[in-house]
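S.K.: just need the structure, nothing else, for what follows:
(one chain, ligands or ions: 1)
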Amino acid sequence: MYSYEKHFDVVIVGSGVIGCSIAYYLAKESKGKLKVGVIDRTTIGEEASSGAAGMLAAQIEAESQGSFLELAIASRNCFPLLSQELKELSGVDIEYMKSGICSVAFNARQETELKNRMQEQKKIGLESVWLSKEEVLKKFPFLSPDLYGGFFVPEDGQVSSSRLTLAFSEAAKKLGVEFFEEENFEQIPLKEPRLNFIETNLSKFSAEKFVIAAGAWTGHLFNGLVPVNPIKGQILIFQMSPGWIQKNQWNTPIYLGEIENPQQIGCYAVPKKDGHLIVGATAVDRGFDKSEDKEATEFMSEYICKVFPEISHFPFKGFWAGLRPKSPDGKPVMGLVPGYKNIYAASGHFRNGILLSPITGKIFADIFLKNSKEPEAFSPQRFFQSKAIA
Ligand SMILES: Cc1cc2nc3c(=O)[nH]c(=O)nc-3n(C[C@H](O)[C@H](O)[C@H](O)COP(=O)(O)OP(=O)(O)OC[C@H]3O[C@@H](n4cnc5c(N)ncnc54)[C@H](O)[C@@H]3O)c2cc1C
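M.R.: Next up is the predicted model:
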């Protein structure tokens with residue numbers, strides 16, 4: 001016996017930043033004509049999207065030219081307008097700042113790598129600057145002087161990831177989207193090419209189309225058919241004092257090199273508007289475990305105090321860990337699942353789900369409302385090439 005039965009044009013599973021962005025753009029672009037429902041087994045934005053560092057690191061993270069960099073730039077370009085639009089509709093300030101991001105080199109190898117990356121990006125007309133050691137220290141006087149220079153991208157920036165997710169969901173609600181929290185179900189029934197409904201612990205949702213935006217749980221929900229799995233990321237949170245904030249006027253995230261250890265820690269420091277300073281992050285396969293990795297906490301604390309000595313005076317607020325959704329090639333998986341008529345995947349955004357959320361929402365609005373083709377480079381089809389599909 002269900003508590004209720006509901007019918008929608010589109011049901012989205014997962015209310016992280018990706019599910020909420022898709023819900024928002026579907027409602028906005030259809031002018032409320034599409035009836036959209038979002039279900040989540042926890043509460044809105046509770047998982048990876050709640051504590052991510054919120055960097056819009058389109059260029060700073062791009063290792064090469066190509067479709068992924070183009071997608072990242074297109075999404076980054078949405079933020080100036082989107083932040084105003086969401087503020088007007090939802091009342092939530094996503095704390096967007098076009099603050100730039102700087103990646104600092106601490107040895108000659110990192111300097112060469114970053115300079116090469118910069119040259120590659122310049123060839124395709126993307127803006128960036130190489131800062132000398134003196135220029136880096138002028139901009140960030142609190143860093144240890146033991147550095148070689150920095151790759152600075154003025155167009156990259158940051159938002160509050162939890163506020164962005166909240167703003168998408170609140171705006172979507174205003175446009176008529178219905179959200180259902182704490183509705184649990186374990187696996188998508190995949191026996192028939194067409195899915196008619198999903199049954200949760202409470203209710204039954206039928207729909208014309210289903211979008212699975214379940215983050216790191218996507219692979220599990222598809223029983224492995226869509227290969228997206230969790231990669232744990234742990235960050236540390238420090239508190240900057242009002243006096244220190246006032247004195248330094250710092251809002252540019254800084255990448256601070258890699259820490260040599262098995263947890264593959266790419267170190268960064270991100271000052272947030274609420275006075276928190278986020279230091280990240282590990283990248284390691286621990287299944288669905290989000291508990292504190294004490295060894296990683298020690299490695300990160302020791303390293304950050306070396307490159308950013310003043311941090312040792314900041315109160316430590318604690319750790320946070322989230323599960324990044326990763327596909328085998330580390331790129332998003334967006335589109336119709338091969339072999340099925342109405343089940344779509346929207347996942348695998350890995351390290352860049354906050355950055356890529358607006359473009360993902362727009363892509364799904366184009367697929368459903370304009371019959372556009374899904375972008376080939378990110379289609380689930382790429383993982384099915386060798387399998388015989390009915
Ligand atoms: C430490 C760390 C730092 C990061 N920093 C950045 C950054 O600076 N910039 C950036 O762009 N990205 C960053 N990311 C990546 C970003 O957080 C993710 O890519 C993004 O949040 C993924 O969003 P999502 O909606 O796909 O997944 P999630 O936010 O995890 O949402 C998935 C939702 O699906 C729900 N769900 C799962 N199973 C079910 C089920 N059976 N039924 C119903 N609902 C279900 C979950 O409850 C959850 O709410 C970071 C991630 C981590 C861990």
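
S.K.: mind listing what's buried along the helix or strand hosting Ile354?
M.R.: Per DSSP states H and E: Ile354 is located in helix 353-370. Neighbour-count burial for helix 353-370 flags 353-368 (criterion: 16 or more other C-beta atoms under 10 Å). In short, each C-beta sits where N, CA and C put it, glycine included.

S.K.: which other helices and strands does it contact?
M.R.: When contacts are defined as 3 or more C-beta pairs under 8 Å, 6 or more residues apart in numbering; DSSP states H and E, helix 353-370 packs onto helix 17-29, helix 48-51, strand 55-56, helix 67-76, helix 161-174, strand 333-336, strand 343-347.

S.K.: centre of the chain versus that helix, how much separation?
M.R.: 13 Å (C-alpha atoms, centre = their mean, to the nearest Å).

S.K.: state the mean pLDDT of stretch 239-252.
M.R.: Taken as a whole, stretch 239-252 carries a mean pLDDT of 97.

S.K.: right, and Ala72 touches Ile60 too?
M.R.: No. Applying C-beta atoms under 8 Å as the test, Ala72 and Ile60 come out as separate, 10.1 Å apart.

S.K.: who has more neighbours, these two?
M.R.: The neighbour count for Ala72 versus Ile60, taken as other C-beta atoms under 10 Å, is higher for Ile60 (24 against 21).

S.K.: for that one, give me its contacts.
M.R.: 101-103, 151, 153, 156, 255 (C-beta atoms under 8 Å, 6 or more residues apart in numbering).

S.K.: and the one residue in the stretch 201-350 of the chain that gets nearest to the ligand, what is it in contact with?
M.R.: Per C-beta to the nearest ligand atom, Gly215 is where the stretch 201-350 of the chain lies closest to the ligand, at 2.5 Å. Gly215 is in contact with 14, 16, 18, 47-49, 323, 325, 347, 353, counting by C-beta under 8 Å, 6+ apart.

S.K.: also Ser21?
M.R.: 168, 357-358, 360-361.

S.K.: quick one: it from Glu376, how far?
M.R.: 21 Å (C-beta to C-beta, to the nearest Å).

S.K.: about what we covered before: and the pLDDT for the residue of the stretch 201-350 of the chain closest to the ligand?
M.R.: 98.

S.K.: so Arg41 sits right up against Asn184, yeah?
M.R.: Yes. Look at Arg41 against Asn184 with C-beta under 8 Å: they come within range, at 4.3 Å.

S.K.: more crowded one of the two?
M.R.: Under the criterion of other C-beta under 10 Å, the comparison of Arg41 against Asn184 puts Arg41 first, with 19 against 11.

S.K.: against Gly176, how distant is the more buried one?
M.R.: 23 Å.

S.K.: among the contacts of Ser21, which one sits closest to the ligand?
M.R.: Using C-beta to the nearest ligand atom, those come closest to the ligand at Ser357, 7.4 Å.

S.K.: that closest one contacts Ala72, correct?
M.R.: No. Using C-beta under 8 Å, Ser357 makes no contact with Ala72, being 11.6 Å away.

S.K.: what comes up buried for stretch 139-148?
M.R.: Of the residues in stretch 139-148, those buried (16+ other C-beta under 10 Å) are 139-140, 142-143, 147-148.

S.K.: a markdown table for those residues, including distance to Lys294?
M.R.: What follows is the buried residues of stretch 139-148, written out as a markdown table (distance: C-beta to C-beta, whole Å):
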| residue | distance to Lys294 |
| --- | --- |
| Lys139 | 34 |
| Phe140 | 29 |
| Phe142 | 27 |
| Leu143 | 26 |
| Leu147 | 29 |
| Tyr148 | 32 |
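
S.K.: in helices, which of those appear?
M.R.: Of the positions in these, Lys139 sit in helices, assigned by DSSP state H.

S.K.: report the two of the buried residues of stretch 139-148 separated the most.
M.R.: Phe142 and Tyr148 (17.4 Å; C-beta to C-beta).

S.K.: can you show me the CA trace of stretch 255-275 as CSV?
M.R.: Output of stretch 255-275 as CSV, limited to C-alpha atoms (Å, rounded to 0.1, in the frame of the first residue of the first chain):
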residue,chain,number,x,y,z
TYR,A,255,46.3,25.3,-5.7
LEU,A,256,49.3,24.4,-3.6
GLY,A,257,50.9,21.4,-5.3
GLU,A,258,50.6,17.7,-4.7
ILE,A,259,51.4,15.9,-1.5
GLU,A,260,53.5,12.8,-2.1
ASN,A,261,51.4,10.0,-0.4
PRO,A,262,49.0,7.2,-1.3
GLN,A,263,45.9,9.3,-0.9
GLN,A,264,46.8,11.4,-4.0
ILE,A,265,46.3,14.7,-2.2
GLY,A,266,46.2,17.7,-4.5
CYS,A,267,46.4,20.5,-2.0
TYR,A,268,44.4,23.7,-2.3
ALA,A,269,43.1,26.4,0.0
VAL,A,270,39.8,28.1,-0.6
PRO,A,271,38.6,31.1,1.5
LYS,A,272,34.8,31.2,1.8
LYS,A,273,32.6,34.2,2.4
ASP,A,274,31.5,32.8,5.8
GLY,A,275,35.1,32.9,7.2
